[in-house]
Each structure stands twice: as C-alpha cells, then as structure tokens.
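Asker: Kindly return the folded structure for what I paste below:
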Amino acid sequence: MGARAFFDGLAARTEPARLDGIDHSYRFEIEGEGNWNVRIHDGTVAVTEGAAAPRTDATIRTSAEVFDRIVAGKQNPATAYMTGKVKVNGDLGAVMKLQRLFG
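Answerer: Numbering: from 1, shown residues only. Model prediction:
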C-alpha cells in the first residue's frame, strides 16, 4: 500500500478505541510520495495533504520504501528509527503512540 492510499483511508479504517488517550498532531513527510498532516483528537482522525499544519507535535520523515514496509508490518518502526531510516523531530512520546494506528 502506498502512502497516499494509507493516508486516504486512515480515518475510515481506524477504530476509535485504538485512539483512546491520543491527542496529538503529526506531520508525515514521505520522500517521493508527499506530505500529510494527521490530527488525532477525541477518538477521531483528520488527515490533510500538503502544506504543514500550524501546530504539530512531531514530524516524521522517511522514504516511501521504508514507509511501505512499516505499513505492511515488514519493518519495525522503532528499529527503523534507531537505525536512522525514520527521522523524528518533536515529541517522541507522541510518536510512540502511533503504533496503535499501525497495529
């Protein structure tokens, strides 16, 4: 699944129970694919494409190849971060909560 397909369908396929306790905004910059802002608040997910949101808790940068492997469950996100395949600027604790969306 490419990044666009992942983000286009994210809100529809995310179970509100998985979002309990998450109140964060994220920016995803996927090399060769595009940029998306994801806002999780009150059990809902809002996704916008393009320009950076005015406020984000963290920015996540990676290649399309690594992103696809993470989404497919073939790449552990923590390992990708520790090996430099995923770069994070901002609140790492907020980023760790994203595993609920990929689980």
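
Asker: C-alpha from now on. contacts and neighbour counts both.
Answerer: Noted.

Asker: can you give me the strands in this protein?
Answerer: With strands called from DSSP state E, the chain shows them at 24-31, 34-41, 44-49, 58-63, 86-90.

Asker: Pick the most buried one from the ones you listed.
Answerer: A comparison of the strands of the chain by mean neighbour count, using mean count of other Cα atoms under 10 Å, puts strand 24-31 on top with a mean of 21.

Asker: which ones are touching the residue lying closest to Gly34 once chain neighbours are set aside?
Answerer: Nearest non-adjacent residue to Gly34, counting by Cα to Cα, 6 or more residues apart in numbering: Gly50, 7.2 Å away. Residues near Gly50 by Cα atoms under 8 Å, 6 or more residues apart in numbering: 34-37.

Asker: How much space separates Gly50 from Ile40?
Answerer: 17 Å (Cα to Cα, to the nearest Å).

Asker: Could you do Thr79 as well?
Answerer: Distance from Thr79 to Ile40, by Cα to Cα: 24 Å.
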